[in-house]
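> Return a 3D structure for these sequence lines:
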Amino acid sequence: MTFTIWLSLFAVCLLGAMSPGPSLAIIAKHSLASGRKHGLATAWAHAFGIGVYAFITLIGLAVVLQQSPLLFKSISYAGAAYLAYLGYNALRSKGGVAAKLESGEETSIWQSAKEGLFISLLSPKISLFFIALFSQFVAVGDTFASKSIIVLTPLVVDGLWYSLITFLLSSPRLIDKIRSRAQLIDRLSGAVLILLALRVVMTV
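Predicted structure coming up:
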């Protein structure tokens, strides 16, 4: 793999990580409600899920999904159901930013990491990303080193991007400003997650 090709892979992965969606909502929730450690746990668990997708794509998931609409629909519907579940809880402020800031509830780091991992593994947006964009780089992975770079690049880019988001959102000054608007944040994030779920169902 040449450096130019890697730069293209890096740029695609960075744009994918930066695009707003349910991943950002989950990492923001844990960073704001439970602090920096929980945000980082969510971020890197999410990044691990991205690495899993990269590895699966490398061994042929893109071909499988394109040739099996039923399998693709199953993954999409599972992801939509999970998005709707998260959105419903956020609308009720059940386990969301408002409830945790108000009660002082401390979510376990494992719970934060689990949500980060699930949102990456069950997100139809991420599966579409790897099928449509990332899979084009698989052909250049003709050596073990190239294959390792193809898998590790999206994992590291995703982890570092959301780590940066976590550090920004877990600033004490920002938390104080957000505390009074926590319920509004829950309502907005819940609505976005449910709309995303509906969009997935309508477009599958």
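> Tell me which residue is most central in this protein.
Centroid-nearest residue in the chain: residue 23, 3.2 Å away (criterion: Cα atoms, centre = their mean).
> That one reaches residue 123, doesn't it?
Yes: shown here, residue 23 and residue 123 form a contact pair, counting by Cβ atoms under 8 Å, at 6.7 Å. No exception for glycine: its C-beta is placed from N, CA and C like everyone else's.
> so who does residue 84 touch?
Shown in contact with residue 84 (Cβ atoms under 8 Å, 6 or more residues apart in numbering): 193-194, 197-198.
> now it, what's its secondary structure?
Here residue 84 is helix, with the state taken from DSSP: H, G, I helix; E, B strand; the rest coil.
> Roughly how far does it sit from residue 171?
31 Å (Cβ to Cβ, to the nearest Å).
> in this protein, which helix has the most residues?
Assignment by DSSP state H gives helix 144-169 as the longest helix of the chain.
> Now that helix: buried residues?
Residues of helix 144-169 classed as buried: 146-147, 149-151, 153-155, 157-159, 161-163, 165-166, 169 (neighbour count, 16 or more other Cβ atoms under 10 Å).
> What mean pLDDT does stretch 144-164 get?
Here stretch 144-164 scores 90 as its mean pLDDT.
> now do stretch 197-204
Rounded mean pLDDT across stretch 197-204 is 73.
> element containing residue 78?
Assigned by DSSP states H and E, residue 78 belongs to helix 69-91.
> per-residue confidence averaged over that helix?
Helix 69-91 comes out at a mean pLDDT of 75.
> Check the offset of that helix from the chain's centre.
Per Cα atoms, centre = their mean, to the nearest Å, the displacement of helix 69-91 from the mean C-alpha position of its chain is 13 Å.
> Over to stretch 192-199?
Distance, centroid of stretch 192-199 to centroid of chain: 15 Å (Cα atoms, centre = their mean).
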